[in-house]
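Asker: Pasted the sequence and its predicted model underneath.
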Amino acid sequence: MSVNPNAYEAQFFGFTPQTCMLRVYIAFQDYLFGLMMASEKIILKKLDGIPECKIRPFQIRKSTEKFYLFMKEHFDKLFSKMEEVLLQMVLSIPRSVLLPEDKVHEEYPYSKEQFQALQDEVHQLQQQCRAEAAAGQALRAELEEQKAVQAELEKILQWFDGLENICREHGISNFRESFAFLTCSSKKLQDVLKDVEEKSKRIKKHDSYC
């Protein structure tokens with residue numbers, strides 16, 4: 001079997017010529033082996049019908065194997081010649097032939113240096129695309145943070161609007177006066193809470209004596 005694969009033939013046929021020849025060789029071998037087994041089976045069946053026959057089955061098997069090796073040897077010689085002819089005359093593309101999908105290389109020829117330069121440019125563009133994608137992801141993350149901050153600011157503004165409405169209800173329009181009012185109200189609430197706690201302690205103490 002030939003061991004010189006040709007990539008251009010593989011591109012055209014969809015398989016290498018050597019692969020094709022190997023499959024043909026295996027198919028012939030399988031057929032030859034099957035033929036020998038079928039012949040042996042028929043011979044054994046014929047001999048069973050002759051009572052005085054002294055030929056044993058193992059002798060038939062030995063003769064079958066001998067004949068198979070003889071046929072295989074001659075077949076290998078013939079197949080080598082057939083393979084050589086097929087690879088040269090049938091499964092071969094002349095060097096002057098250009099496949100349709102490769103005509104673009106003829107129209108736009110590139111040297112090895114130009115091709116390498118194109119590859120370097122493609123690699124650089126890929127890196128730029130990755131960098132831009134990473135930058136876009138960072139910007140989206142920052143935008144999400146800004147949205148969260150904006151939501152908190154809107155809550156604070158709503159709180160101030162509510163505070164301003166409360167102060168207006170109490171006749172307070174100045175912002176400093178508003179905070180002073182809140183501080184005073186907070187202090188009053190603390191005093192009330194403290195008074196309630198003291199009264200609660202007194203009640204508990206009174207109940208314990210009773």
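Answerer: Great, that's in hand. Residues are numbered from 1 along each chain as shown.

Asker: Which pLDDT value goes with Phe179?
Answerer: On pLDDT, Phe179 comes in at 61.

Asker: Over to the one 4 residues further on?
Answerer: pLDDT for Thr183: 68.

Asker: Can you give me the domain boundaries for this structure?
Answerer: Here the domain parsing of the chain from the TED database is 7-101, 136-171, 172-202.

Asker: is it possible to export those to a markdown table including mean neighbour count and distance to Val122?
Answerer: For every residue, glycine as well, the C-beta is placed using N, CA and C. Putting the domains of the chain into a markdown table (neighbours: other Cβ atoms under 10 Å; distance: least, Cβ to Cβ, whole Å) gives the following:
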| stretch | mean neighbour count | distance to Val122 |
| --- | --- | --- |
| domain 7-101 | 12 | 20 |
| domain 136-171 | 10 | 21 |
| domain 172-202 | 11 | 63 |
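
Asker: nearest to Glu113, of those domains?
Answerer: Closest approach to Glu113 among the domains of the chain (Cβ to Cβ): domain 7-101, 22.8 Å.

Asker: got the domains of the chain as CSV, with distance to His123 columns?
Answerer: Shown next, in CSV, are the domains of the chain (distance: least, Cβ to Cβ, whole Å):
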stretch, distance to His123
domain 7-101, 25
domain 136-171, 21
domain 172-202, 61
